[in-house]
Structure formats: C-alpha cells, structure tokens
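>>> Can you look at this prediction? I've put the sequence above it.
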Amino acid sequence: MSPSTTNVGALALAAVAQAVAFLLLAPVLRGLVRKAKAAFQIREGPRLLQPFFDLVKLLGKERMRSTTASWVFAAGPRVYFASMVAATALVPAAVAFAPLEAAGGVLLLVALLALGRFALATAALDTGSPFGGMGASREMTVGALAEPALMLALFTAGLSAGSLNLGELVRRSAERGVSIHPSAVLAAAALFIVLLAEGGRVPVDNPATHLELTMIHEAMVLEYSGADLALVEWGSAVKELLFLTLLAGLFLPIGVATSLAPTALAVGLAAFAAKVLALAFLVVLVESTNAKLRFFRVPELMAVALGLGFLALAMRFF
C-alpha cells in the first residue's frame, strides 16, 4: 500500500490520528524521562503521568498577560504548538509512511521547526522583559548553530536514499536495515547532539533549572501562564518525541512496518516504542553523567555536531 493510492480523506484521518498519538505520548515520554533521571539520583521522583496533570492544571488556569504585550505575544504559543503538531504528519513513526509526506520532506520539516522557534522567540521579545530577550537571543543562537547540523544529517540520509522525502527515506532504510557505514554513524551522532540542543537538554540547557541567568528555553516563557504556558510545554514535549522518532526511523529502522497488515502494525508499534525508549534512556544517561555547559561553550558542542554532519555528507558523497 502506498500513500499515492490512498484518498485524501484517509490521509487526513491518518494525519489527525498520528498527531493525536504524538500529543498523548509526548507527556508520557517526558514523565518516563523524569522518572529515569530520578532513579539515577536515587530518589523517587514525580508520578509518571505528572506532565499530564500539569497540563490539565495549566489549561484550567487564567491567562496573565503584560499590559505592554501585543498580539505577537498571544500568537507565539499557538504558532509554536501548531508548527510542532503539523510536523508530526511529516515524520513516519511505526509505519514506513508519513500521512502528509507528499506535502513536503526534509526542507518543510526544518522550516516548521524554524517557524516554531521564531514565533516563540519574537513573542518573548514582545513584552520587553530582560529575561525574555536574553532567552530569545540564546535560543536563536543555539538554533542557528543546530539547524545546519540537522540539515547536514538529514541530507546525508537523503543522499543515500536518493530522495528528501521522509517517507521514502524510512522505506529505503527499512529495506537496507541498520547501516554501520561511517557516514550513517556520524550523521546519527550529529542528529543526537541536535536533539539535545533542540530539546533543551543537558549539556546545552537544563529543563529543571530555576536560575534565570542560566536559562534558555525557560527564560523565554517566564511571562506565560495558564493555557499559553500549557501550549508551550506541550509543544516542547512533542518536539522532543519528534526528534526521537526521526532518529529512530532514519538510523534504527528495525521492525518498522512496511504494510498495514495487523501483524506488521503490531510489530511496528512494539519496535517503535522500544526504540524511542532506548533513545530516551540514552538522553537520560547523557544528562545524568554530564554537567550543563557554560553558554559560551555551547557553540563548541554545536561545532562538533556540524563537523560530524560535514564529514558524514562528504563520506556519503564521495
């Protein structure tokens, strides 16, 4: 079965179903990561579904907005959340097809991620808050360094598959199996570093920090409350799951379903869950064994990701 033979209604339904699945799974994954980090620190940690409870609580609270804020501040969380949800329809998960893969590939995915970042950064600047401006400046700096590395890693996978369509990339990867070619290993390493940066994880950022001078993502959202903050936090959780899915699909295509047969779907779902959990555990391991870098050393880490991406692309090209 190919997406080209599927009618528009079925594709739209599949896109909605995948978006809902990501929205439900993303907070669960965040809860698992917090539980695992707590276990590394020999403490109990929060409840597994605590992120869900936090979102429900925030959605029920009143929004508080600065009197100096304009429509840009109000639109920021909505554009950020919508861009992350839209990106879920472009990335194959348990099945080697993406619902809206025909709408665009690698370039559209990167554009949606950049749109969300830009919307949140401009919203942080809108109130004139010094911490919002600092966080926005740092976020755009990290994004400007991470985006080229992300594109190089994705272009390396695209060059090996002969396409920039993400569905086609995953299907070709599934046909070849896990590759130990040096270019694939280097591209996967570059994408993992980008995952840490885009997800606001240690050593780039610390999602649990409350020290304003060390914040990046958290500094941008200090002015938000209620449903606005819920949209930002939910979108960030979806973004993390999106990067884990991308990394698993392109470089660990084990068990991905190439048909819609019930058995293949069951195997694909189980394999997807196992791969995402394994990669999430790797993120926890990195966070638990490293300290947060000073911000002026973050470009050095991103330079490593960029260098790995360049080497991967050069090896694949030549």
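Looks like it arrived, so ask away.
>>> Tell me where the stretch 1-150 of the chain has strands.
With DSSP state E, counting those that start in this stretch as the criterion, the stretch 1-150 of the chain has no strands.
>>> what ranges of it fall below the confidence cut-off?
Of all residues in the stretch 1-150 of the chain, those with pLDDT under 70 make up the ranges 1-6.
>>> Do a quick rundown of the helices in it.
Along the stretch 1-150 of the chain, the stretches classed as helices by DSSP state H, counting those that start in this stretch are 8-40, 50-59, 71-88, 106-126, 130-161.
>>> can you redo these as JSON lines with mean neighbour count and distance to residue 266?
The C-beta positions use only the backbone N, C-alpha and C, and glycine is treated the same way. Output for these, formatted as JSON lines (neighbours: other Cβ atoms under 10 Å; distance: least, Cβ to Cβ, whole Å):
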{"stretch": "helix 8-40", "mean neighbour count": "17", "distance to residue 266": "15"}
{"stretch": "helix 50-59", "mean neighbour count": "16", "distance to residue 266": "25"}
{"stretch": "helix 71-88", "mean neighbour count": "20", "distance to residue 266": "21"}
{"stretch": "helix 106-126", "mean neighbour count": "20", "distance to residue 266": "27"}
{"stretch": "helix 130-161", "mean neighbour count": "21", "distance to residue 266": "26"}
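>>> Quick check: closest non-adjacent residue to residue 309.
residue 152 (2.9 Å; Cβ to Cβ, 6 or more residues apart in numbering).
>>> Now do the one you found, the pLDDT please.
Turning to residue 152, the model gives it a pLDDT of 95.
>>> Mind putting the helices of the stretch 1-150 of the chain into TSV with distance to residue 258?
Formatted as TSV, the helices of the stretch 1-150 of the chain follow (distance: least, Cβ to Cβ, whole Å):
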stretch	distance to residue 258
helix 8-40	16
helix 50-59	33
helix 71-88	20
helix 106-126	21
helix 130-161	14
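>>> Minimum distance to residue 279: which of these has it?
Among these, the nearest to residue 279 by Cβ to Cβ is helix 8-40 (10.1 Å).
>>> How far does that closest one sit from its chain's centre?
11 Å (Cα atoms, centre = their mean, to the nearest Å).
>>> what sits against residue 78?
Applying Cβ atoms under 8 Å, 6 or more residues apart in numbering to residue 78 gives the contacts residue 231.
>>> neighbouring contacts of stretch 152-166?
By Cβ under 8 Å, 6+ apart, the residues outside stretch 152-166 that reach it are 90-92, 98, 101-102, 105-107, 109-110, 168-169, 172-173, 179, 181, 183-184, 186-188, 190-191, 194, 246, 249-251, 306, 308-310, 312-313, 316-317.
>>> repeat that for 6 Å
Stretch 152-166 has contacts (Cβ atoms under 6 Å, 6 or more residues apart in numbering) with 90-91, 98, 101, 105-106, 169, 172, 183, 187, 190-191, 250, 309, 312-313, 316.
>>> try stretch 261-268
Applying Cβ under 6 Å, 6+ apart, the contact partners of stretch 261-268 are 94, 95, 255, 256, 257.
>>> buried stuff in that stretch?
For stretch 261-268, the buried set under the neighbour-count rule, 16 or more other Cβ atoms under 10 Å, comprises 264, 267, 268.
>>> any idea which of those is the one closest to residue 85?
Taking these together and measuring to residue 85 by Cβ to Cβ, the closest member is residue 268, at 21.8 Å.
>>> how far away is the closest one from residue 8?
Distance of residue 268 to residue 8, computed by Cβ to Cβ, to the nearest Å: 24 Å.
>>> which ones are touching residue 191?
So residue 191 contacts 153, 247 (Cβ under 6 Å, 6+ apart).
>>> Regarding it, what is its secondary structure?
Put simply, residue 191 is helix when judged by DSSP: H, G, I helix; E, B strand; the rest coil.
>>> And it, how close does it get to residue 216?
Relative to residue 216, residue 191 is positioned 20 Å away (Cβ to Cβ).
>>> Equivalent analysis for residue 92, please.
From residue 92 to residue 216 the distance is 30 Å (Cβ to Cβ).
>>> Next: residue 67.
Residue 67 sits at a distance of 26 Å from residue 216 (criterion: Cβ to Cβ).
>>> wait, doesn't residue 124 sit right on residue 130?
No: Residue 124 is beyond contact range of residue 130, at 10.7 Å (criterion: Cβ atoms under 6 Å).
>>> Identify the contacts common to the two.
By Cβ under 6 Å, 6+ apart, no residue touches both residue 124 and residue 130.
>>> that older thread, just the buried residues of stretch 261-268 now: which is nearest residue 119?
Minimum distance to residue 119 across these is 33.0 Å, recorded for residue 268 (Cβ to Cβ).
>>> Now the closest one: closest residue in space that isn't a chain neighbour?
Going by Cβ to Cβ, 6+ apart, residue 268 has residue 257 as its nearest residue, at 3.1 Å.
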